[in-house]
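Participant: Sequence first, predicted model second:
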Amino acid sequence: GQQVMQIPQYQHVQEGEDFTTYCNSSTTLSNIQWYKQRPGGHPVFLIQLVKSGEVKKQKRLTFQFGEAKKNSSLHITATQTTDVGTYFCAGSYGNKLVFGAGTILRVKS
Amino acid sequence: GAVVSQHPSRVICKSGTSVKIECRSLDFQATTMFWYRQFPKKSLMLMATSNEGSKATYEQGVEKDKFLINHASLTLSTLTVTSAHPEDSSFYICSARGRGETQYFGPGTRLLVL
């Protein structure tokens, strides 16, 4: 079945450092979505990427979709303590989303 | 943004009882609703996809008779965990999708079976 691989599993950074999480699919995606889940909370939609090579920014967050529409990344510049949580990518295969394993981000102040 | 509610938020039940979880889209019509299960520190695992008025499509390995899904209207889907056992304890999350491709997630239901 479809799988979305996400790395790293954990990332501990010092406040102010950058953070990146990567996702990779073995098959072409129609789109990829990114979610953030705070501890004890539920996933919250961040963004959707649809076009090949697309790059979108939300303040300190930069999202990229690969040219082949098989990989994606989320980069956070100058992390803050409010960035803590688990970041999931989710690949869209037709009607359903397949979630990556998530990257847990911890920020030390 | 679109709002999805789930009820109850937490439930503790005895082994052998059935538990019903409701998922509602509050300000949009959800043509499709999804049910996920999440274990601690793990990712979301899709259990089933339901379209209003039709039978749910279950993912491989998910027991249909164990997890009953009903999508009676464009704003309500229910998941019933029948004859719950301790191994069914988990975080169950629904999501709803309208005309676009974005899924909006409910706040989740934490189920503990004793």
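Facilitator: Thanks, I have it.
Participant: number of nearby residues for B:R97?
Facilitator: 22 (other C-beta atoms under 10 Å in any protein chain shown). C-betas here are computed from N, CA, C, even on glycine.
Participant: average pLDDT for stretch A:81-93?
Facilitator: In this model, stretch A:81-93 has an average pLDDT of 94.
Participant: ditto for stretch A:22-32
Facilitator: Confidence over stretch A:22-32 (mean pLDDT, whole number) is 93.
Participant: Could you point out the helix or strand that follows the worst-scoring helix or strand of chain A on mean pLDDT?
Facilitator: Lowest by mean pLDDT, DSSP states H and E among the helices and strands of chain A is strand A:96-99, with a mean of 88. Per DSSP states H and E, the first helix or strand lying C-terminal to strand A:96-99 is strand A:103-108.
Participant: does any bit of the least confident helix or strand of chain A sit next to chain B?
Facilitator: Yes: for strand A:96-99 and chain B, the contact criterion (C-beta under 8 Å from any C-beta of the partner chain) is met by A:K96, A:L97, A:V98, A:F99.
Participant: Tell me the one among these nearest to A:T86.
Facilitator: Distance to A:T86, by C-beta to C-beta, is smallest for A:F99 among the residues of strand A:96-99 next to chain B, at 10.5 Å.
Participant: so what's the closest one bridging to?
Facilitator: For A:F99, the beta-bridge partners are A:A90 (DSSP bridges).
Participant: do the same with B:W35
Facilitator: Note on B:W35: beta-bridge partners by DSSP bridges are B:A48, B:C94.
Participant: Could you report the neighbour count for it?
Facilitator: The tally of other residues near B:W35 (other C-beta under 10 Å) stands at 26.
Participant: Please compute how far stretch A:58-75 lies from its chain's middle.
Facilitator: 8 Å (C-alpha atoms, centre = their mean, to the nearest Å).
Participant: brain fart, stretch B:47-60
Facilitator: Using C-alpha atoms, centre = their mean, the offset of stretch B:47-60 from its chain centre is 11 Å.
Participant: again with stretch A:49-62
Facilitator: In terms of C-alpha atoms, centre = their mean, the centre of stretch A:49-62 is found 11 Å from the chain centre.
Participant: Can you give the contact residues for the least confident helix or strand of chain A?
Facilitator: Strand A:96-99 is contacted from outside by A:1-4, A:33, A:35, A:88-91, B:34, B:43-46, B:49, B:103, using C-beta atoms under 8 Å, 6 or more residues apart in numbering or on different chains.
Participant: Number of residues surrounding residue 95?
Facilitator: Since you didn't name a chain, this refers to chain A. Counted with other C-beta under 10 Å, residues neighbouring A:N95 total 13.
Participant: should've been chain B
Facilitator: For B:S95, the number of neighbouring residues by other C-beta under 10 Å comes to 26.
Participant: Now do the same for it: its pLDDT.
Facilitator: Per the predicted model, pLDDT is 93 at B:S95.
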